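Enquirer: Here is my input, please return the structure:
(chains A and B)
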Amino acid sequence: MIGTFEILMNLEDGETAQKGINANEVVIAISPAFGKELNKTIVKVDHGKVLREIVSGIEEQGALPRIIRSYHTADLAFMGHQAAKLSGSGIGIGLQSRGTTVIHQKDLDPLSNLELFPQSPSITLETYRAIGKNGALYALGESVDPVPSVNDQMARPRYQAIAALLHLREAEQVIKNKKPVEVQWNFTIKEEEN
Amino acid sequence: MAKEILAGIDIGNSTTEIAIADVSGREPVFLSQHLVPTTGVKGTAENIQGITACLEKAVKKAELAISDLTRIRLNDAVPVIGDLAMDLISETIITESSMIGHNPDTPGGGGIGTGETILINELADQRHDTDYIVVVPETCDYEWVAYMINRCVKNGISVKGAIIQKDDGVLVHNRLQEKIPIVDEVAFIEKVPLHKPAAVEVALSGHVIRMLSNPYGLATVFGLSPEETRQIAPVAKSLVGIRSAVVIRTPQGEIVERKIEAGSITLVGDKDSVTVPINDGAKRIMNAYKNIGNLIDVQGEMGTNVGGMLNGLRQDLAHLTGQASRDIHISDMLAVDSGIPTSISGAMAGEIAMEQGVALASMVKTEKLSVHKVADLLQKQLNVEVEVGGIEAEMAMRGALTTPGTEQPLVILDMGGGSTDAAAIDLKGQITTAHLAGAGDMVTLIIKSELALEDIDLAEKIKKYPLGKVISLFHMQLEDGTISFTETPYAPETFGKVVIREESGLTPLPIRDSLEKVRHVRREAKRKVFVTNALRALEKVSPTQNLRHLSFVVMLGGSALDFEIPQMITEELSSYSIVAGFANTRGTEGPRNAVATGLILSVTEEVANG
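Expert: Presented below is the predicted three-dimensional model:
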């Protein structure tokens, strides 16, 4: 009875994002086109699955996930830092449409970070889960083991052009001067009876 | 009269130290000193490399050249070499996988549930009059699992607990309408026997399980007879102190703690010889050691772990000294209990148990080390007269006596990397010495093993520096609980981690153990090696074998520089009313450079005495 199932993601923009007051929360900032104009990562993984893994990782550790959408920038470092600054715990995660991810902390320089996952093609769903988990552990003040990441020398030559294109499409959605907004999310699982 | 510049060189097991002095006058004038790590084993030609590098640095500090040196004096190193070995003595084996006991970070729910194990995809077709424990392999998504359980429970099937392969415990639990205890991260879930009575227990955060870790609790849960309770008792024992567990009752299931045939060692002394099984642990071995008089040799039982361990040691030492391995006699041995992380065979969640192990440090007397050969080589290379000076202990004593506030009679305790040496001088100037196995390197080995580190350099750093826990980028908790603030933020990779506070910066530890745990392991390792050895050494050199008859103890050597070892020993010895502290050679050098200083002082005294 373990059938195949599909995860449907529904994201809805809300009000301008406020600074959180819950010390257990981890804020995820998604890029302007995430789950909208673009809905798959650079290796064609559904945005729904990716975001759900991160959210699940945070929840499993007992922290509280919150999602915001960045409009004024699609730059990973600034998105992550923005999320961290709005997070009650000071921990934020930046997530771009092509899958690149960063874990950030509010007191760091924007171009610095706690953990960076720069090679989007080699990030698996398990890694996204672990990223969520680590974000939560940082927020809860526990000792953290960095998420192991693979380094693939071939990723650059193979994906650089696609990455540039994806970023271009992402950047087209940037709205200057628009503040990040809260995102209401829900995931529905559709069972495909066999 | 021409200037006479002298260099005293002390080649130790781990460091080579040099002092340079102008000895033309009545009193030697110390010009400079330097130290480098010893290259090669002490007393071998490989030392030359380290010596020359060190000399160059030292003469440069004194603004001289090597050619300005009139003479070089080497210490007559004590012909003892130490080595280390470590081995397991116990092992836990689970036969007929009958239990899972582990500490996943985040199990779900709380409480205890009992029922029959059943795969989740068969759950919907089960009878309504039995309780079930659901087994969930990693192919199942948590949302689906929760949906499935909720639906079946609604249909009247009784679900009392769950065992999940992935780290999904909390996620499933949050989505259940009827809450049940859930154990997750069970790596080898395919080994869980199905259709068998099982119990799942999860304790709330910060608590430990109570029912399954109690033999009578197990008897209650499974309705066991007294005979069966006796059989299952080891299961309860192995579940003590953990947060979540599953016990599945299989007819043959049992768990045993097997003692590995580690063998026994025979301590041969001049009064008596005693055979002790290694399994009895370090304490028994060291007690036996006390009763045999002076140790002549140690033999390991052939064909056992310890036999292999001691043989390996002999081979190493034979190779180093160039003697036949049957001529190698162990002159001192220190056994220390140590935990060795080992994966439990037959376990279902990849559990790791801290098994008992014994670390052995041993010391071998060799024929005279070839210091003279080193001296000849050095003379040829540098074109400076090289002589071999006095006995190491005597030189160290002379150096130590330059510490302000010391006088004869005195005991020095030289705590280095490879050995702990003691020497006592009485009022008449008679010197007694003792060379004991086990020092800084052994501490490093124990720290590495107990914290399951892969990197020996990291263990070395943990030994040397205090710890901290970085709480935010601007503040850190120190070992004593105080908080230290900084204006320049800490490096991002240290955020949230336990760090080693070196002078040069912070090194984050790649392990999840708490600050307190790491500190405890470090301090215990030091105590087990250095405090034990300090007492042993002092007993040996004390003229009456009674520590109370000693009054001054001066600590020397690299380990005396440690931030806590001298305090531990001072504290321990103060109960024998002994004044103990680390040396301050020449009032400036701390516990370093004593032998090199002694080498120079001995020359000027020779001159003065004609």
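Enquirer: where in the chain is pLDDT low?
Expert: Picked chain A for this. Within chain A, the set of residues satisfying pLDDT under 70 comprises A:1-5, A:191-194.
Enquirer: wrong one, I was asking about chain B
Expert: Scanning chain B for pLDDT under 70 picks out B:1-2, B:77-80, B:89-101, B:251-261, B:321, B:345-347, B:349, B:366-370, B:605-610.
Enquirer: can you list the domain ranges for it.
Expert: Dividing chain B into domains by automatic domain parsing, as the record does, gives the ranges B:1-79+B:368-402+B:592-610, B:83-91+B:260-365, B:97-252.
Enquirer: Could I get the buried residue list for the longest helix that chain B contains?
Expert: The residue-count maximum for a helix in chain B (DSSP state H) belongs to helix B:305-321. Going by neighbour count (16 or more other CB atoms under 10 Å in any protein chain shown), the buried part of helix B:305-321 is B:305-310, B:313-314, B:316-318, B:320-321. Using the backbone N, CA and C atoms, a C-beta is placed for each residue, glycine as well.
Enquirer: still on that earlier bit, figure out which of the domains of chain B is closest to residue B:544.
Expert: Across those, residue B:544 has its closest neighbour in domain B:83-91+B:260-365 (16.0 Å, CB to CB).
Enquirer: List the contacts of residue B:388.
Expert: Taking CB atoms under 8 Å, 6 or more residues apart in numbering or on different chains, we find residue B:388 in contact with B:73-76, B:371-372, B:375.
Enquirer: How about residue A:121?
Expert: Taking CB under 8 Å, 6+ apart as the test, what residue A:121 contacts is A:42-43, A:99, A:152, A:155, A:158-159.
Enquirer: which one among those gets closest to residue B:38?
Expert: Out of the contacts of residue A:121, the member with the shortest distance to residue B:38 (by CB to CB) is residue A:152, at 43.2 Å.
Enquirer: Neighbours of the closest one, how many?
Expert: Residues within reach of residue A:152, counting by other CB atoms under 10 Å in any protein chain shown, total 12.
Enquirer: looking at it, it is touching residue A:124, isn't it?
Expert: No. The pair residue A:152 and residue A:124 fails to qualify as a contact (CB atoms under 8 Å) at a distance of 12.0 Å.
Enquirer: Is it possible to get CSV of the buried residues of helix B:305-321 that adds distance to chain A?
Expert: Converted to CSV, the buried residues of helix B:305-321 look like this (distance: CB to the nearest CB, whole Å):
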residue, distance to chain A
B:305, 32
B:306, 35
B:307, 39
B:308, 35
B:309, 33
B:310, 38
B:313, 35
B:314, 40
B:316, 35
B:317, 39
B:318, 42
B:320, 39
B:321, 44
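Enquirer: Would you format the residues you listed as a markdown table with distance to residue B:416 included?
Expert: Output for the buried residues of helix B:305-321, formatted as a markdown table (distance: CB to CB, whole Å):
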| residue | distance to residue B:416 |
| --- | --- |
| B:305 | 28 |
| B:306 | 26 |
| B:307 | 29 |
| B:308 | 27 |
| B:309 | 23 |
| B:310 | 23 |
| B:313 | 19 |
| B:314 | 22 |
| B:316 | 18 |
| B:317 | 17 |
| B:318 | 22 |
| B:320 | 17 |
| B:321 | 19 |
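Enquirer: Which members of those are the farthest-apart pair?
Expert: Farthest-apart pair in the buried residues of helix B:305-321 is B:305 and B:321; separation 24.8 Å (CB to CB).
Enquirer: between the domains of chain B, which one is nearest to residue A:66?
Expert: Shortest distance between residue A:66 and these, using CB to CB, is found for domain B:97-252: 16.1 Å.
Enquirer: excluding its backbone neighbours, what's nearest residue B:198?
Expert: Take residue B:198 and drop its neighbours on the chain: the residue closest to it by CB to CB, 6 or more residues apart in numbering or on different chains is residue B:248, 4.2 Å away.
Enquirer: Just confirm the one you found contacts residue B:197, I think it does.
Expert: Yes. Contact between residue B:248 and residue B:197 holds when scored by CB under 8 Å: they sit 7.4 Å apart.
Enquirer: Which one's more surrounded, those two?
Expert: Under the neighbour definition other CB under 10 Å, residue B:248 and residue B:197 were set side by side, and residue B:248 has more, 25 against 17.
Enquirer: OK, contacts around residue B:190?
Expert: Taking CB under 8 Å, 6+ apart as the definition of contact, the neighbours of residue B:190 are residue B:137.
Enquirer: for residue A:36, same thing?
Expert: Shown here is residue A:36, whose contacts under the criterion CB under 8 Å, 6+ apart are A:11, A:173.
Enquirer: what helix or strand is it on?
Expert: Here residue A:36, judged by DSSP states H and E, is contained in no helix and no strand.
Enquirer: how much space is there between it and residue A:179?
Expert: Noted for residue A:36: a distance of 18 Å to residue A:179, by CB to CB, to the nearest Å.
Enquirer: Also residue B:579?
Expert: As for residue B:579, its distance to residue A:179 is 70 Å (criterion: CB to CB).
Enquirer: For chain B, what lies in contact range of chain A?
Expert: Taking CB under 8 Å from any CB of the partner chain as the criterion, chain B approaches chain A at residues B:105-106, B:121, B:124, B:139-144, B:147-148, B:167-171, B:174, B:469, B:471-474, B:489, B:492-493, B:495-498, B:509-514.
Enquirer: Just list whatever residues bridge to residue 16.
Expert: Going with chain A. Each beta-bridge partner of residue A:16 is listed here: residue A:181, as defined by DSSP bridges.
Enquirer: oops, I was thinking of chain B
Expert: When bridges are called by DSSP bridges, residue B:16 pairs up with residue B:11, residue B:36.
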